[in-house]
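> Okay, structure incoming, though there's no sequence with it:
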């Protein structure tokens, strides 16, 4: 299998280089190799590599900045997946694309299923939803994996930010009314590799393409997430000034941002688990593994 992997230096892309390596020839690129906002360059890359599978974890992820950098967010998150779909259809290739809980408005009181109506709150979410639609319109051979709260040993994330702030401050405010499941980039990569192996075994005519929700199991708030990270840092012997007891829980309204966040980022993964026969471990397991590497 000839695999084209985007976003090789992102949290998920970095792990995918490892996870996909046993399954074929992985041609990994980042924005320095090909700007996904450049449609011509993207088409040229795909036609040069001629992949049988495109795996696209790359995205414009600056949620707040997307409110003003609309064109760039749309080019990378919306138009690029559509182009990948068009070129894949021409080559007879398949596309695995990563999306987000931000396609929902977060108002549902229970975890979102793949059948729930979408309703993005901002430009980032809308751009990711448009990317899903453009990809699905371009080719039947698409697998869209919606995930949330990604954390990895490589790249920037909430856990690393908390550890940095805990070394600098004695008190911290973190929102407590947004719920989700911290999901390890390594877990996402390994599960993707299992799915790719299934694609190799089933073939494109039998493989269950479509949209699936994929996160670690369980749920927590950003506040409890922060407390867990700081507690692990202290246990590892880091010279932190902050303790979990001094992390104050606040409402989202008390921490205004340029882009609104969904208060419910929980995704129902039962369809993925039933289809692929895979178990999704609790969020603490993947997070603690990541923290061991970081610490």
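Looks like it came in fine. Here the structure is a predicted model, which means the values were calculated and not measured. Numbers count the residues shown, from 1 in each chain.

> C-alpha only now, for contacts and for neighbours.
Noted.

> quick one: the helices in the chain?
With DSSP state H, the ranges of helices along the chain come out as 11-20, 39-49, 70-74, 80-91, 123-138, 158-168, 185-202, 222-235, 270-276, 283-294.

> Pull the number of nearby residues for residue 80.
For residue 80, the neighbour count with other C-alpha atoms under 10 Å is 25.

> just residue 191 next, same as before
19.

> How about residue 34?
Using other C-alpha under 10 Å, residue 34 has 18 neighbouring residues.

> Quick check: it touching residue 45?
Yes - counting by C-alpha atoms under 8 Å, residue 45 is a contact partner of residue 34 at 7.5 Å.

> about what we covered before: closest one to residue 63 among the helices of the chain?
helix 123-138 (5.6 Å; C-alpha to C-alpha).

> who's in contact with the residue positioned nearest the centre of the chain?
For the chain, the residue sitting closest to the mean C-alpha position, by C-alpha atoms, centre = their mean, is residue 147 at 5.0 Å. Residues near residue 147 by C-alpha atoms under 8 Å, 6 or more residues apart in numbering: 98-101, 183, 213-215, 267.

> could you redo the last one with a cut-off of 6 Å?
Applying C-alpha atoms under 6 Å, 6 or more residues apart in numbering to residue 147 gives the contacts 100, 214-215.

> Counting neighbours, which of these comes out on top?
Going by other C-alpha under 10 Å, residue 215 tops those with 30 neighbours.

> For that residue, report the pLDDT, please.
Here, the pLDDT recorded for residue 215 equals 98.

> Compute the number of surrounding residues for the residue nearest to residue 60 when sequence neighbours are not counted.
Leaving aside its sequence neighbours, residue 60 sits nearest to residue 73 (C-alpha to C-alpha, 6 or more residues apart in numbering; 5.6 Å). Residue 73 is flanked by 26 other residues according to other C-alpha under 10 Å.

> How about residue 99?
Other residues within reach of residue 99, judged by other C-alpha under 10 Å, total 26.

> quick one: it and residue 146 touch, right?
Yes - counting by C-alpha atoms under 6 Å, residue 99 touches residue 146, with 4.4 Å between them.

> What is the end-to-end distance of stretch 259-266?
19 Å (C-alpha to C-alpha, to the nearest Å).
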